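J.: Provide a 3D model corresponding to the input given below.
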Amino acid sequence: MCGVIRRGRRSRIEGTGDARPVRRAPLSALAAGIRLLHPSHAAMVWRDLFRWPATPGDSGQHLQATMGWLCRAQDRGGGGGGVSAGYSLLRGWLPPYPETTGYIIPTFFDYAHRTANAEFYARAVRMADWELQVQLPSGAIQAGFYRGNGSKRPPAVFNTGQVVLGWCRAFSETRDERYLDAAVRAGNWLADGQDSDGAWRQHAPETETVVHAYDVRTAWSLLELYQLVDEQRFLDAARRNLEWTLAQQHDNGWFEHNAFFVSADKWNVPLTHTIAYVMEGLMGAWSCLRDDRYLEAALRTATRLREIFEQRGVLPGEFDRTWSANATYSCLTGNAQVAGVWLRLPRECRDPQFVSAALGLNRYVKATQLLHTANLDLRGGVKGSQPIFGRYTPLTFVNWAAKFFADALMLEEHVAGARTTEVAS
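T.: Here you go, the predicted structure:
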């Protein structure tokens, strides 16, 4: 499960790590308050509070700034190659995050090829090597942030799947068997822990909910692994989960079992972030197996989100089963992911409305990004929420938002180039 950073004295939610003793809270609160008073931090909050207008720049500019911020996040991740989970206006740079480092790996390989810059290739390899170091003896990947070998963190299904995606790409790029061996160990752990109906109901320690539609992104990772090793159990496990996931979709495109929480005092409906995870998993599975049911399910959800964005001009951060907005903030991570989904739709589904909506959603995220601040901790980062004090990862720039935004901007460039070629021909 990807990052839910929330304020509070005792939280076991993603991004806070182990619960902090209450007796340390006053000192921590004082330090956080002092940090928030930093001029660039305060300016960021005031900008969102008063909705000061911002003009987005060229997409290439934003892409370069985003990748630069991700490089700094890796450099501040402890020196081992893992990427810091993000930068908090209250706590500074956070520890490295195995889950998101895993799926950042393909982004860095993509950008390395796009720019012919060997530094990004080398950084992706360092990430993959670091993941080898933090893999658990069982083959799984731990939940939450990495706080050293002495930190006992339970394994997590979703997190493991995202690192498998990174290792599969690292092996495809380098042919280093260590990555494939690690991915196979992780894949076996995933297959062993799956229920007979295809769902995973164990090893989700950071959510109140125990079964998740967004685990289909892990099923996609098993398909990528299957294509490399031709191991039938990985294909079978992935297909079982895909069938279970399809059964969770309503006719209107909304998915059951796709929220982090069930408590009434927390948000107990899906975020655009988790909704996009499901679409990404289904489209990844379609690209591997060409089963049109997966594409049709993703398209049904993508179409509903596009209609909402066209009607409102903004994408709220949460939706209930009737697609009623349950939030006054926008989840920037989800925005970037949804834009990426719209741009990935194959030619037969990508009508001009999807492309136009994706470009609009990218512009929205660009307008929230700081390109010219002298504070390098903020420059090029992407907030969890707009405004920054929205309840998804409040007051924090998170690495997974930056990753998905970089992906969306590279896809935008690719689609724009393809359209230019079509017109020319």
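J.: measure the residue lying closest to H62 once chain neighbours are set aside to T107 for me?
T.: Nearest in space to H62, with sequence neighbours left out and distances taken as C-beta to C-beta, 6 or more residues apart in numbering, is K366 at 5.0 Å. From N, CA and C alone the C-beta is placed, and that goes for glycine too. Per C-beta to C-beta, to the nearest Å, K366 is found 17 Å from T107.
J.: what do you get for A204?
T.: A204 is 25 Å from T107, by C-beta to C-beta.
J.: for stretch 208-215, buried residues please.
T.: For stretch 208-215, a neighbour-count test (16 or more other C-beta atoms under 10 Å) marks V211, H212, A213, Y214, D215 as buried.
J.: about what we covered before: between A204 and T107, which one's more packed in?
T.: T107 (24 against 21; other C-beta atoms under 10 Å).
J.: my guess is the residue nearest to H62 meets D58, correct?
T.: No - K366 lies out of contact with D58 (C-beta atoms under 8 Å); the separation is 9.1 Å.
J.: so those two - more neighbours on which side?
T.: K366 (23 against 10).
J.: now S88: phi and psi?
T.: Main-chain dihedrals, S88, degrees, to the nearest 10: phi -100, psi 130.
J.: now do P96
T.: phi -70, psi 150.
J.: now it. Nearest residue, chain neighbours left out?
T.: Using C-beta to C-beta, 6+ apart, the nearest residue to P96 is G82, at 3.0 Å.
J.: got it, and T174?
T.: V125 (6.6 Å).
J.: my guess is G193 contacts A199. True?
T.: No - using C-beta under 8 Å, G193 is not in contact with A199, being 10.6 Å away.
J.: tell me which of those two has more neighbours.
T.: A199 (21 against 17).
J.: that older thread, what's near enough to touch the residue nearest to T174?
T.: A170, E173, T174 (C-beta atoms under 8 Å, 6 or more residues apart in numbering).
J.: can you pull the contacts of the first one?
T.: The one in question is A170. So, once contact is read as C-beta under 8 Å, 6+ apart, A170 ends up touching I105, F109, A124, V125, A128, D176, Y179.
J.: make it 7 Å
T.: Contacts of A170 were listed using C-beta atoms under 7 Å, 6 or more residues apart in numbering, and they are I105, A124, V125, A128, D176, Y179.
J.: what residue ranges in this protein are flagged as low confidence?
T.: Within the chain, the segments meeting pLDDT under 70 span 1-34, 37, 53, 150-151, 264-267, 418-425.
J.: change it to 50
T.: For the chain, the stretches with pLDDT under 50 are 6-24, 30, 420-425.
J.: which parts of it are strands?
T.: Counting by DSSP state E, the chain has strands at residues 86-88, 92-93, 330-331, 385-386, 396-398.
J.: any chance of the ones you listed in JSON lines, with mean neighbour count and distance to L315 too?
T.: Converted to JSON lines, the strands of the chain look like this (neighbours: other C-beta atoms under 10 Å; distance: least, C-beta to C-beta, whole Å):
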{"stretch": "strand 86-88", "mean neighbour count": "25", "distance to L315": "21"}
{"stretch": "strand 92-93", "mean neighbour count": "16", "distance to L315": "28"}
{"stretch": "strand 330-331", "mean neighbour count": "27", "distance to L315": "6"}
{"stretch": "strand 385-386", "mean neighbour count": "24", "distance to L315": "10"}
{"stretch": "strand 396-398", "mean neighbour count": "28", "distance to L315": "17"}
